[in-house]
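Q: mind looking at a prediction? Sequence and model below.
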Amino acid sequence: DAGVIQSPRHEVTEMGQEVTLRCKPISGHNSLFWYRQTMMRGLELLIYFNNNVPIDDSGMPEDRFSAKMPNASFSTLKIQPSEPRDSAVYFCASSSGGSLDGQPQHFGDGTRLSIL
Amino acid sequence: AQTVTQSQPEMSVQEAETVTLSCTYDTSESNYYLFWYKQPPSRQMILVIRQEAYKQQNATENRFSVNFQKAAKSFSLKISDSQLGDTAMYFCAFIRGSQGNLIFGKGTKLSVKP
């Protein structure tokens, strides 16, 4: 079975540019999560979708970040304009079931984002 | 606030020996789920083991087992017969029953030495 697919694997861009990260969850999973990993803050949730609807976006740092899930098989995380402090590894994860049954989340390989 | 604490930033173990990684958490919820994830140098996040808080029996997966002490809010991971491929960062995490997202500890870097 195909796992969670993220693209690109690496992204290097200059400050001020728009960055779009993409995620294809595991087929049949109805929950999708975007996490960010940095040395300083560890792994933290950015946003969480259930059945394509954003449920919790309290972790989105500021208005420069936006996320969409137009259908059950695709999600994007966009940063505009990007800043050097956005440099991190961004993970997408998906799980089956609702929020009450603690189903394990399966992670993509992550996107390493470097903003110069 | 919900928190997860991993008090051992780094650990090392000889190949074939047993090692235990510590994790404590803080929550007022009664319904929650606990996880250990492994992140090797390849950066992947790999699920190691899952524990349901309402189950008293400790979860096991091959060489990996947990010691779940609900009253103490402790969830340690024991790796038996350590292998070189176990070298990785290990993250303890939990999900509250009322929420969907994982809350992670800062991780323990485990090195298995030949």
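A: It's in.

Q: could you pull out the strands in chain A for me?
A: A:5-7, A:10-13, A:19-24, A:31-38, A:42-50, A:53-56, A:65-71, A:74-79, A:88-95, A:106-107, A:111-115 (DSSP state E).

Q: in CSV, list these along with mean pLDDT and mean neighbour count.
A: Any C-beta I mention is one placed from the backbone N, CA and C, and that applies to glycine too. Putting the strands of chain A into CSV (pLDDT from 0 to 100; neighbours: other C-beta atoms under 10 Å in any protein chain shown) gives the following:
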stretch, mean pLDDT, mean neighbour count
strand A:5-7, 97, 17
strand A:10-13, 97, 14
strand A:19-24, 98, 19
strand A:31-38, 95, 23
strand A:42-50, 93, 21
strand A:53-56, 90, 14
strand A:65-71, 96, 15
strand A:74-79, 98, 19
strand A:88-95, 96, 24
strand A:106-107, 95, 22
strand A:111-115, 97, 18
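
Q: dump those strands into TSV; add distance to B:F91 as well.
A: Listed next are the strands of chain A as TSV, based on distance: least, C-beta to C-beta, whole Å:
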stretch	distance to B:F91
strand A:5-7	18
strand A:10-13	22
strand A:19-24	20
strand A:31-38	10
strand A:42-50	7
strand A:53-56	20
strand A:65-71	23
strand A:74-79	21
strand A:88-95	12
strand A:106-107	11
strand A:111-115	18
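
Q: closest one to B:S28 among those strands?
A: The closest of the strands of chain A to B:S28 is strand A:53-56. By C-beta to C-beta, the value is 18.4 Å.
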